[in-house]
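J.: pasting the structure only:
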């Protein structure tokens, strides 16, 4: 049993789990964000159309239109590019994960039937926020993540 446990710990090294969590969360948001742009700071018409005509906030008494749809489309598109880049680099990692957790909540309010996928995004964001970026990150290399949580993944290995 110790051999199997050691094998599993080797395959699922904490630094690898943290890296894969960051990449796994970054990909869907990056893919969504890249589809909103026609060039540098040039939001495409479809992105604005989605926020003004298609997307609705499913809140009690709703659904409601998004306020300032062009501003919301720009903010979402910018966050879907910037935050995944930060996650992949491991720079401002907990902040980036928190931003994507908030975006996940808004996506859930917009597409309530997507909860099985959204809960995985939320779980990844919470894991990153709880255990930090890991050794393979700029935060670690620059010493920005010197005070990890009590039960950091590096302590578990």
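T.: Sure thing, it's come through. In this text, all values refer to a predicted model and were calculated from it rather than measured experimentally. Numbers count the residues shown, from 1 in each chain.

J.: so how far is residue 143 from residue 26?
T.: 23 Å (CB to CB, to the nearest Å). Any C-beta I mention is one placed from the backbone N, CA and C, and that applies to glycine too.

J.: check residue 16 too.
T.: Distance, residue 16 to residue 143, by CB to CB: 21 Å.

J.: check residue 107 too.
T.: Counting by CB to CB, the gap from residue 107 to residue 143 is 33 Å.

J.: the two: which is more packed in?
T.: Counted by other CB atoms under 10 Å, residue 107 and residue 143 do not tie: residue 107 has more neighbours, with 22 against 7.

J.: what's the nearest residue to that one if we skip its chain neighbours?
T.: residue 118 (6.0 Å; CB to CB, 6 or more residues apart in numbering).

J.: ok, now which ones touch the residue of the chain positioned farthest from its centre?
T.: Within the chain, residue 1 marks the point farthest from the mean C-alpha position, 35.8 Å out by CA atoms, centre = their mean. Residue 1 makes no contacts at all, as judged by CB atoms under 8 Å, 6 or more residues apart in numbering.

J.: okay, which residue is most central for this protein?
T.: Nearest residue to the geometric centre of the chain (CA atoms, centre = their mean): residue 100, 3.7 Å.

J.: what mean pLDDT does the helix or strand containing it get?
T.: Residue 100 is part of helix 93-110 when elements are defined by DSSP states H and E. Regarding helix 93-110, the rounded mean pLDDT is 96.
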